[in-house]
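[1] coordinates for the following, if possible.
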Amino acid sequence: MPRIPYPDMDSVSQEKKDAIGWPDRRLLNVTRIALHIPDSLWRGHYALKEAAVKGTTMDKVLREVLIMRTAFLADSEYEIHHHLSISANMGFTPEKQEAIRTQNYDLLTEEERAVAEFTDEVVTKLKPSDATLAKVRELFGDPLVCEMTAIIASYYGTAMMIGVTGVEPDTEPVKSWDAPPKE
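    Purely as a prediction, here's the structure:
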């Protein structure tokens, strides 16, 4: 049972319903709880969430490492539920998923390790060390470093929304972001 009830869809604006494809598309619990946000703020919130999934330039595997580290650091059962499924469907082995969870980065490529370490420092300290920042700048360039920071902020913000509202994991986890979820 969520700590805050989901909004009654009859009270949700038509603008929001149109944006989320209601009632034709599957509605994730985290999307549903966010419908409480006033329309003017929700527009930006929803646009950031959509862009973090569909509008990034970051390599999908590296992005998934970043998202999983953020979810594990936030102890976000909801996000972990979905991203264990998504990463498995991307070819992540259970061993690689566990390595990401436990910070045992020996199984990761140099690029994956750099993303994981950057994420660790951004989430736990809000500021990566000079060495970590230099490494990701060298590997990826400044635009991607800023993009990674925005993605971390988006997913950590989602974890906060989940923590405050008590959103329950969806029955069926998302398998891939390549196609929109359907009922």
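[2] please, where are all the helices along the protein?
    Assigned by DSSP state H, the chain shows helices spanning 14-20, 29-34, 39-54, 60-74, 77-89, 94-102, 110-125, 130-140, 142-165.
[3] reformat these as a markdown table; add distance to residue 1 and mean neighbour count.
    All C-beta spots, glycine's among them, are computed from the backbone N, C-alpha and C. Output for the helices of the chain, formatted as a markdown table (distance: least, C-beta to C-beta, whole Å; neighbours: other C-beta atoms under 10 Å):
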| stretch | distance to residue 1 | mean neighbour count |
| --- | --- | --- |
| helix 14-20 | 23 | 14 |
| helix 29-34 | 12 | 20 |
| helix 39-54 | 24 | 14 |
| helix 60-74 | 21 | 22 |
| helix 77-89 | 14 | 19 |
| helix 94-102 | 27 | 16 |
| helix 110-125 | 28 | 19 |
| helix 130-140 | 40 | 15 |
| helix 142-165 | 11 | 17 |
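[4] and those helices as a markdown table, adding mean pLDDT?
    Listed next are the helices of the chain as a markdown table, based on pLDDT from 0 to 100:
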| stretch | mean pLDDT |
| --- | --- |
| helix 14-20 | 97 |
| helix 29-34 | 97 |
| helix 39-54 | 94 |
| helix 60-74 | 98 |
| helix 77-89 | 97 |
| helix 94-102 | 98 |
| helix 110-125 | 98 |
| helix 130-140 | 98 |
| helix 142-165 | 97 |
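[5] show me the contacts for the residue lying closest to residue 139 once chain neighbours are set aside.
    Leaving aside its sequence neighbours, residue 139 sits nearest to residue 114 (C-beta to C-beta, 6 or more residues apart in numbering; 5.5 Å). Contact analysis of residue 114 by C-beta atoms under 8 Å, 6 or more residues apart in numbering lists 132, 135-136, 139-140.
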